[in-house]
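> Okay, predicted coordinates and the sequence, questions at the end:
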Amino acid sequence: MITTARMRVCLTLAALAGMVGAVLSPAQAARAPRIVLGPNLLPNASFETSVFEPSPVPQYATSQPLLPVGWVFEGATGLFDHGQHGAHTGRRAVTISVPAATPKNVCQKGYCVDNPVNGPRTTAQEYYSEIPVWRTQNAVPVTAGRTYQLSGWVSWALETIGYGAVTAVRWVDGNGMPIAITPGPTLLADARNSPALAWKQISGTVKAPAGAKGAIVLLGDNDGPWNSSLTYDDAYFGTYTVVASKPKKK
């Protein structure tokens, strides 16, 4: 025989279960917010168009150091290449081969310490990058205080463990003078992918500092000591908006 007190407990548990079911019902659960990207502010973001190139492109032009429209390079490397030797989409991409800047570590007899020039050279990158980078030829307009998304697709061959794709944004004022530099997304090689990496997207956000009127996007290789080759394609830099999704209807 069920006592009155026991019946009350059972009814209370049943009511709570019903409430939990209503709260967790998939029909009522809120959807995850959506990220809506604005227009891509980068010129020639897929690097398909070259400067000083015959049209149509000859079949033999599989690899040649021609500049992509809207992009130039900085830093020390064996070769900045804009060719048709492998792309994420389309026919062209930009590659940095055999980085040749100052190593980030100084090693002797198996003992390594931080290179003392790292601090100064990082600060100097506000004006000029020592590590090899492809960068936008001109600054793209930005609004101070606004957050932007930076992304790109990366592949490499023979990348040194602990080195790899590093990006940054150099902010400039209304006169085009650098005022700050902000690190962007990175992807460093590990023991599994050091020999070769198929295409992988890196993405992150950066915020324009006070006084910023323009942004110069840098796509680089942080300088491994071996004959590595790192390629970028399909870059993006632009605003984004987080849109809250409405709960699903019953």
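That came in fine, so what should we check first?
> biggest strand in the protein by residues?
strand 229-243 (DSSP state E).
> buried residues in that strand?
Ser229, Leu230, Thr231, Tyr232, Asp233, Asp234, Ala235, Tyr236, Phe237, Gly238 (16 or more other C-beta atoms under 10 Å). For the C-beta atoms, the positions are set from N, CA and C on the backbone; glycine is no exception.
> just stretch 67-83 next, same as before
Leu67, Pro68, Gly70, Trp71, Phe73, Glu74, Gly75, Thr77, Phe80, Asp81, His82, Gly83.
> Walk me through the domains of the chain.
Domain assignment for the chain by automatic domain parsing gives 4-30, 35-243.
> Now render these as a markdown table, adding mean pLDDT.
Listed next are those as a markdown table, based on pLDDT from 0 to 100:
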| stretch | mean pLDDT |
| --- | --- |
| domain 4-30 | 46 |
| domain 35-243 | 86 |
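> Out of these, which one sits most buried?
Of those, the one with the most neighbours on average (mean count of other C-beta atoms under 10 Å) is domain 35-243, at a mean of 17.
> how about the helices in this protein?
4-24, 118-124 (DSSP state H).
> quick one on the thing from earlier: and the buried residues of stretch 67-83, which of them are in strands?
Trp71, Phe73, Glu74, Thr77, Phe80, Asp81, His82, Gly83.
> What is the most widely separated pair among those?
Glu74 and Gly83 (19.2 Å; C-beta to C-beta).
> so where do the strands sit in this structure?
Using DSSP E, strands in the chain cover 34-37, 71-74, 77-83, 93-99, 105-108, 111-114, 133-136, 140-141, 147-157, 164-172, 178-188, 196-207, 214-221, 229-243.
> Could you tell me how far the fourth one lies from the centre of the chain?
The one in question is strand 93-99. 16 Å (C-alpha atoms, centre = their mean, to the nearest Å).
> Just give the strands next to that strand in its sheet, each with its orientation.
Sheet pairing for strand 93-99, assigned by DSSP bridges, gives strand 77-83 (antiparallel), strand 229-243 (antiparallel).
> same deal with the shortest one?
Each strand that strand 140-141 pairs with, and the sense of that pairing, follows from DSSP bridges: strand 214-221 (antiparallel).
> Just want the angle from the partner strand to strand 164-172.
160 degrees (axes from the mean of the first three to the mean of the last three C-alpha atoms, to 10 degrees).
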